[in-house]
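**Q** okay, predicted coordinates and the sequence, questions at the end:
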Amino acid sequence: MNKHEIIIREKMLANDALSQWLGIELISIEPGTCILKMIVRKEMLNGFAIAHGGITYSLADSALAFASNSHNIQCVSIETSISHTKAVQENDVLTAVAKELSLSNKIGVYEVTVTNQHHTVVALFKGTVYRTGKLWIE
């Protein structure tokens, strides 16, 4: 991780209360990609005793944010979608891997794959971001 990536990571995490509540751990970040990890807790379960869909969505959305902002340009999502492919249980360890598919001056497109500790895909996420042109670090 270079100095730029460390500063961006710290600036983003410091103001991201949801990622902090989720217990997200930033495993790696490089331009256009990142890997996040988290453990599903009891308070994240729905009435079916499986993880609420918003949990995997939030993890994937955070991965999108870190990957897209890693170029030192502030980005915000403008369209996202998710497919939940397998139920997520309490104590599952989820890993989200974000990869850049397309990047232009104003738009970036990313895919995020979320897997559990058994390397089973539990969610597939796609996100499009708007690149504001504002720099994280001058």
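**A** Structure received.

**Q** C-alpha coordinates for the lengthiest strand in the chain, PDB please?
**A** Criterion DSSP state E: the longest strand present in the chain is strand 121-135. The C-alpha trace of strand 121-135 is given here as PDB (Å, rounded to 0.1, in the frame of the first residue of the first chain):
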ATOM      1  CA  VAL A 121     -20.100 -16.900  -3.400                       C
ATOM      2  CA  VAL A 122     -22.900 -15.400  -1.300                       C
ATOM      3  CA  ALA A 123     -23.500 -12.200  -3.300                       C
ATOM      4  CA  LEU A 124     -22.700 -10.500  -6.600                       C
ATOM      5  CA  PHE A 125     -22.700  -6.700  -6.700                       C
ATOM      6  CA  LYS A 126     -22.300  -4.200  -9.500                       C
ATOM      7  CA  GLY A 127     -21.800  -0.500  -9.000                       C
ATOM      8  CA  THR A 128     -21.300   2.600 -11.100                       C
ATOM      9  CA  VAL A 129     -19.700   5.700  -9.600                       C
ATOM     10  CA  TYR A 130     -19.500   9.300 -10.600                       C
ATOM     11  CA  ARG A 131     -16.000  10.700 -10.400                       C
ATOM     12  CA  THR A 132     -16.400  14.300  -9.000                       C
ATOM     13  CA  GLY A 133     -12.900  15.500 -10.000                       C
ATOM     14  CA  LYS A 134     -12.200  16.500  -6.400                       C
ATOM     15  CA  LEU A 135      -8.900  15.200  -5.100                       C
END
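
**Q** which secondary structure elements does it sit against?
**A** helix 53-69, strand 73-84, strand 107-115 (3 or more Cβ pairs under 8 Å, 6 or more residues apart in numbering; DSSP states H and E). Every C-beta, even on glycine, is put in place using the N, C-alpha and C of the backbone.

**Q** lowest-confidence helix or strand of the chain?
**A** helix 3-14 (a mean of 70; mean pLDDT, DSSP states H and E).

**Q** next helix or strand past that helix?
**A** Of the helices and strands lying after helix 3-14 in sequence (DSSP states H and E), the nearest is helix 17-22.

**Q** how about that next one: buried residues?
**A** By neighbour count with 16 or more other Cβ atoms under 10 Å, helix 17-22 contains the buried residues 19, 22.
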